[in-house]
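# Any chance you can model this:
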Amino acid sequence: MGVEFGKGVSYVVKQTVLREDSVIMRNLRRPCAEILGKLRFLNEYLPEDRDPVHAWTLISCVLVFTLAGDYHLFLFYIMIVYCVRKKIVER
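Down below sits the predicted model:
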């Protein structure tokens, strides 16, 4: 049931958002093409048997999770420093 839901969602997204005449595609096509053109040289460092789309999807997901984890760690650090400065935390 979950697989069918995912297929339905992807079908709706393809028909509404990823069309040639949608606002999102008109506004993002050129900047994305420029960025991908500049980063194309990095595909040489990927293994030969891997599709770059799959590899970059995985790399970007790991980057997002890493940055999100670091952000929460940073907020925790700021909270501890604030508490120590206000002497809420006793030594």
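# What is the burial count for C61?
Number of residues near C61 (other C-beta atoms under 10 Å) recorded here: 10. (Each C-beta comes from the backbone N, C-alpha and C, glycine too.)
# Likewise for A55?
A count of neighbours around A55, defined by other C-beta under 10 Å, yields 15.
# residue contacts, it?
Residues near A55 by C-beta atoms under 8 Å, 6 or more residues apart in numbering: L46, P47.
# Okay, and it sits in which element?
Using DSSP states H and E, A55 maps to helix 52-85.
# where does the chain have its least confident helix or strand?
helix 52-85 (a mean of 75; mean pLDDT, DSSP states H and E).
# What residues sit buried inside that helix?
Neighbour counts over helix 52-85 (16 or more other C-beta atoms under 10 Å) mark W56 as buried.
# starting at the chain centroid, how far to that helix?
Averaged C-alpha coordinates place helix 52-85 at 12 Å from its chain's average position (C-alpha atoms, centre = their mean, to the nearest Å).
# next one: stretch 11-22
Computed by C-alpha atoms, centre = their mean, the chain-centroid distance of stretch 11-22 equals 20 Å.
# That stretch: end-to-end distance?
15 Å (C-alpha to C-alpha, to the nearest Å).
# and it, what's its mean pLDDT?
For stretch 11-22, mean pLDDT rounds to 81.
# Can you give me the buried ones in the helix or strand hosting V12?
With secondary structure defined by DSSP H and E, V12 is part of helix 2-16. Along helix 2-16, no position meets the burial threshold by neighbour count (16+ other C-beta under 10 Å).
# So which residues make contact with that helix?
Residues contacting helix 2-16 (C-beta under 8 Å, 6+ apart): S22.
# got the angle between the helix or strand just after it and helix 2-16?
Later in the chain than helix 2-16, the nearest helix or strand by DSSP H and E is helix 23-39. Relative orientation of helix 23-39 versus helix 2-16 (axes from the mean of the first three to the mean of the last three C-alpha atoms, to 10 degrees): 100 degrees.
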